[in-house]
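> using only what follows, build the 3D model:
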Amino acid sequence: MNRIRRIAIAAVVAAALASPAVAQQRQSQEQTYATVSSADIQRLQESVNQAAGEVQALRARDAARASQLQSQLDDLREEVIYLKVKLRKEGLQRAEYAGVRDRIDDLRSQATSSAQATASSAPYAPSPTPAPRATSTASTTSELATRDIEVPSGTEMDARLQTALDSGTAKVEDRFEATTLQDVVVQGRTVIPAGAVLRGVISSVDPATRTNRTAKMTVSFDQVTVNDRPYPIHGTVTQAIQGEGIKGETGKIAAGGIGGAVLGGILGGAKGAVLGAVIGGGGITAATPGNQVELPQGSVLRVRLDSPVTIRAR
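Numbering: from 1, shown residues only. You can find the predicted model right below:
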């Protein structure tokens with residue numbers, strides 16, 4: 001009897017000692033598999049956009065370091081798109097989400113610390129002796145010729161697709177290009193000239209099938225190249241227009257971009273120009289059930305910048 005009692009007491013003590021460890025392990029597992037929501041992914045996208053601005057600010061101080069961080073940022077932007085698709089298709093583990101979040105936070109910290117280090121290490125420069133009038137004029141002309149100008153959030157531009165897009169064949173993360181049709185002018189300066197290349201990406205696609213009668217496709221733009229220099233952007237599509245619907249409007253487009261404003265309905269007002277698609281929030285839905293979303297080569301997409309971008313204008 002005493003032996004049985006000793007065994008029972010030993011078992012109770014062992015269970016008590018093990019409880020904290022078991023509880024800690026269970027808590028860790030719950031955190032690992034905690035639900036990730038679409039709001040979490042949205043916060044990742046916002047953090048990526050903020051990081052893009054911080055890297056762009058660093059470029060003026062340390063172009064080489066900014067280029068290194070830009071490469072990492074491009075990879076992170078694509079990973080966020082992947083997580084968004086995976087969450088919708090099969091769900092997402094908290095640990096996978098947290099890994100990308102921490103990498104974005106680390107990149108932002110590097111961009112900020114690099115900018116601060118560059119600013120603090122700048123050598124002291126005494127006030128220069130006033131230069132002759134002619135030299136001062138030349139210096140002022142040079143500064144006006146090249147300077148950084150911010151294109152504000154909400155600016156819209158029209159760009160022509162270089163390749164056709166079809167929800168029946170497109171895949172998530174497929175890349176495509178479009179070229180701008182008019183100058184974007186800010187503060188009297190042409191910041192994004194006509195012919196600049198916009199890089200787009202397929203962020204989601206649902207082809208029409210026998211069971212899924214509604215085809216959907218979401219496209220966005222993440223880069224614009226100006227004077228051979230790429231700049232990260234976050235642009236969504238607000239309108240799609242067939243190329244055939246804007247004949248005779250090209251001259252108005254080139255002359256109409258003033259003050260960085262939207263073209264005053266020039267493209268949108270072209271008769272018969274709207275494609276058979278409904279657009280909302282950057283997503284494109286086929287207007288006719290059972291049809292695929294088709295954007296032919298030469299179609300014009302109106303792109304809205306959802307965050308500001310600073311570009312070195314000449």
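> could you report the distance from A63 to Q116?
Applying C-beta to C-beta, to the nearest Å, the value for A63 to Q116 is 17 Å. All C-beta spots, glycine's among them, are computed from the backbone N, C-alpha and C.
> what about A159, distance to L165?
If you measure A159 against L165 using C-beta to C-beta, the figure is 13 Å.
> OK, contacts around N227?
R312, R314 (C-beta atoms under 8 Å, 6 or more residues apart in numbering).
> need the phi and psi values for it.
Backbone geometry at N227, expressed as degrees, to the nearest 10, gives phi 50, psi 50.
> for it, give me the pLDDT.
The model reports N227 with a pLDDT of 89.
> can you count the residues close to I241?
Number of residues near I241 (other C-beta atoms under 10 Å) recorded here: 21.
> scratch that, R147 is what I was asking about
Neighbours of R147 under the rule other C-beta under 10 Å: 12.
> spatially nearest residue to it (excluding sequence neighbours)?
A313 (6.4 Å; C-beta to C-beta, 6 or more residues apart in numbering).
> isn't that neighbour right up against D183?
No: the criterion here is C-beta atoms under 8 Å, and A313 misses it with D183 at 10.9 Å.
> now the common contact residues for the two.
Between them, A313 and D183 share these contacting residues under C-beta under 8 Å, 6+ apart: T190.
> all helices for this protein, in order.
2-32, 38-59, 63-90, 94-120, 133-145, 250-256 (DSSP state H).
> check contacts around the residue lying closest to I81 once chain neighbours are set aside.
Of all residues not flanking I81 in the chain, S203 sits nearest, at 5.2 Å (C-beta to C-beta, 6+ apart). S203 makes contact with I81, K84, V85, V172, E173, T218, V219, S220, G282, according to C-beta under 8 Å, 6+ apart.
> out of these, which are buried?
Neighbour counting by 16 or more other C-beta atoms under 10 Å classes I81, K84, V85, V172, T218, V219, S220, G282 among the contacts of S203 as buried.
> is it true that the second one touches I41?
Yes: with contacts counted by C-beta under 8 Å, K84 reaches I41, the gap being 4.9 Å.
> and the residue nearest to R147, how far from V185?
Computed as C-beta to C-beta, the A313 to V185 distance reads 10 Å.
> joint contacts of the two?
The contact lists of A313 and V185 share V191, where a contact means C-beta under 8 Å, 6+ apart.
> can you show me the strands along the stretch 151-300 of the chain?
Counting by DSSP state E, counting those that start in this stretch, the stretch 151-300 of the chain has strands at residues 156-161, 165-166, 175-180, 184-186, 189-192, 197-206, 216-226, 229-241, 277-280, 283-286, 294-295, 300-305.
> by mean pLDDT, show me the worst of the ones you listed.
What stands lowest among the strands of the stretch 151-300 of the chain, in mean pLDDT terms, is strand 277-280, with a mean of 73.
> that one packs against which elements?
For strand 277-280, the elements it packs on are strand 229-241, strand 283-286, judged by 3 or more C-beta pairs under 8 Å, 6 or more residues apart in numbering; DSSP states H and E.
> possible to save these as CSV with distance to T35?
Below are these laid out as CSV (distance: least, C-beta to C-beta, whole Å):
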stretch, distance to T35
strand 229-241, 26
strand 283-286, 24
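> wait, what's in contact with Q56?
Neighbouring residues of Q56 by C-beta under 8 Å, 6+ apart: A66, Y231, P232, V309, T310.
> for it, give its distance to Q68.
Counting by C-beta to C-beta - Q56 and Q68 are separated by 14 Å.
> next one: G91
Counting by C-beta to C-beta - G91 and Q68 are separated by 34 Å.
> which one is L165 nearest to, not counting chain neighbours?
Among residues not flanking L165 along the chain, L295 sits closest, at 4.3 Å (C-beta to C-beta, 6+ apart).
> scratch that, Q50 is what I was asking about
Q50's closest residue in space is R108 (C-beta to C-beta, 6+ apart), at 6.8 Å.
> surely that neighbour meets G53?
No: counting by C-beta under 8 Å, R108 sits too far from G53 to count as a contact (9.7 Å).
> need the residues touching each of the two.
Common neighbours of R108 and G53 (C-beta under 8 Å, 6+ apart) do not exist.
> any chance of the backbone angles for A215?
phi -80, psi 140.
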